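Trainee: Using only what follows, build the 3D model:
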Amino acid sequence: MRISQDWEDYQCLASGDGEKIEKWGNIILRRPDPQIIWKKSNSQIWNEWDGFYHRSNKGGGSWEFKKKIPDEWKVHYKELTFQVSPTNFKHTGIFPEQAVNWDYVMKRIRNDNRVEFRVLNLFAYTGCATMAASMAGASEVVHVDASRGMIEWAKKNRDLCGLTNHKIRFIVDDVIKFLEREKRRGRTYHGIIMDPPSYGRGPNGEVWKLEDNLQELLFKARDVLDKDYSFLLINSYTTGVSPTSLNNILKLTFSNNQVETGEIGLPILENNLVLPCGIYGRVTKD
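Mentor: Here you go, the predicted model:
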């Protein structure tokens, strides 16, 4: 288990009964989390929220606010700055547990002495990992996501991080099709980051299911890894896919390389528990 515990602008204050209370800067949000199967405490903190996401029995949900809060605000993680905004699908634009992965990416890039270090971020969402790679000194970061709205959010994060003049390419595209074109173009990358969804549909009705399509994705990513690559990092929130399952598929796809898999999590301030937040896999040549 790798725990993201170096935050200053984020805390998971308490958890229980399928919910968590989090502090984002000076704003407290209460949100559902299916991993939280233990009982909540009687702490007063459960009544101190500014925003509460209520899940609907019909799917989805909506926010309730006790007071007017900004539509968006900033949080900082070390030298990075990101925009937070409560969305209508409960998320905030940031997955704080991913900080351990940002640290890993930055360390790999900063400890590498090559002049050119190209990074590809797939299913790149609002671009936190993109900005981490660029801040660490990547010569180029290619950010690929199928959502134009997420691309625009990522551009705001680029500007908040002071990376406007860095070489970051934002591409709205289907990841598999993009990888196939990059292979035909002979383009390679020294680092690849990916956070594939559990399920999705493409613009032409294509169905993506992680359990069925992950190995194809990894093969296509392998095709664009530079022969002298540094790392491939994958993250997954898919229920039922264990670190051992991920380890097996990575070892079969990247034979004779170093593979590490495990869980990532967040410390819970109230009782020193750890909130599990998905799994990760790292592939390196050294």
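Trainee: can you pull out the strands in the stretch 101-250 of the chain?
Mentor: For the stretch 101-250 of the chain, the strands defined by DSSP state E, counting those that start in this stretch occupy 118-122, 140-145, 168-172, 191-194, 199-201, 207-209, 231-236.
Trainee: With mean neighbour count, distance to M106 and mean pLDDT added, can I get those strands in CSV?
Mentor: For every residue, glycine as well, the C-beta is placed using N, CA and C. Formatted as CSV, the strands of the stretch 101-250 of the chain follow (neighbours: other CB atoms under 10 Å; distance: least, CB to CB, whole Å; pLDDT from 0 to 100):
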stretch, mean neighbour count, distance to M106, mean pLDDT
strand 118-122, 26, 11, 98
strand 140-145, 24, 12, 97
strand 168-172, 16, 15, 97
strand 191-194, 25, 11, 98
strand 199-201, 13, 28, 83
strand 207-209, 14, 29, 84
strand 231-236, 23, 11, 98
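Trainee: Adding distance to M131, write those out as TSV.
Mentor: Formatted as TSV, the strands of the stretch 101-250 of the chain follow (distance: least, CB to CB, whole Å):
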stretch	distance to M131
strand 118-122	10
strand 140-145	8
strand 168-172	8
strand 191-194	12
strand 199-201	24
strand 207-209	25
strand 231-236	15
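Trainee: between the ones you listed, which gets nearest to A221?
Mentor: For the strands of the stretch 101-250 of the chain, the distance to A221 is smallest for strand 191-194, at 5.4 Å, taking CB to CB.
Trainee: List the strands paired with that closest one, with their directions.
Mentor: Sheet pairing for strand 191-194, assigned by DSSP bridges, gives strand 118-122 (parallel), strand 231-236 (parallel).
Trainee: Can I get those strands in CSV including distance to Q258?
Mentor: Below are the strands paired with strand 191-194 laid out as CSV (distance: least, CB to CB, whole Å):
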stretch, distance to Q258
strand 118-122, 19
strand 231-236, 10
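Trainee: Between the ones you listed, which one is closest to Y189.
Mentor: strand 118-122 (4.3 Å).
Trainee: how many degrees apart are that closest one and strand 140-145 in direction?
Mentor: 10 degrees (axes from the mean of the first three to the mean of the last three CA atoms, to 10 degrees).
Trainee: Residues touching strand 118-122, excluding its own?
Mentor: Strand 118-122 is contacted from outside by 105, 109, 127, 129-130, 133-134, 138-144, 175, 178-179, 182, 188-196, 221, 224, 226, using CB atoms under 8 Å, 6 or more residues apart in numbering.
Trainee: So what does I279 have for phi and psi?
Mentor: Note on I279: backbone dihedrals following degrees, to the nearest 10 are phi -130, psi 160.
Trainee: What sits closest to it if chain neighbours are left out?
Mentor: Distances taken as CB to CB, 6 or more residues apart in numbering place P243 nearest to I279, at 4.9 Å, with adjacent residues excluded.
Trainee: ok, now G278?
Mentor: Nearest non-adjacent residue to G278, counting by CB to CB, 6+ apart: Y237, 4.3 Å away.
Trainee: so what does the helix or strand hosting I21 touch, helix or strand wise?
Mentor: Take DSSP states H and E as the rule and I21 turns out to sit in strand 19-24. Here strand 19-24 touches strand 10-16, strand 27-32, going by 3 or more CB pairs under 8 Å, 6 or more residues apart in numbering; DSSP states H and E.
Trainee: for the shortest one, which positions count as buried?
Mentor: In other words, strand 27-32. For strand 27-32, burial by neighbour count (16 or more other CB atoms under 10 Å) applies to I27, I28, L29, R30, R31.
Trainee: Check which helices and strands that strand is in contact with.
Mentor: Counting contacts by 3+ CB pairs under 8 Å, 6+ apart, strand 27-32 is packed against strand 19-24, strand 51-55.
Trainee: what is the mean pLDDT for the longest one?
Mentor: When you say that, I think you mean strand 19-24. For strand 19-24, mean pLDDT rounds to 98.
Trainee: go on, the shortest one?
Mentor: Averaged across strand 51-55, pLDDT comes to 95.
Trainee: what's downstream of it, the next helix or strand?
Mentor: Downstream of strand 51-55, the next assigned helix or strand under DSSP H and E is strand 61-65.
Trainee: helix or strand right after that next one?
Mentor: Using DSSP H and E, the helix or strand that follows strand 61-65 in sequence is strand 73-77.
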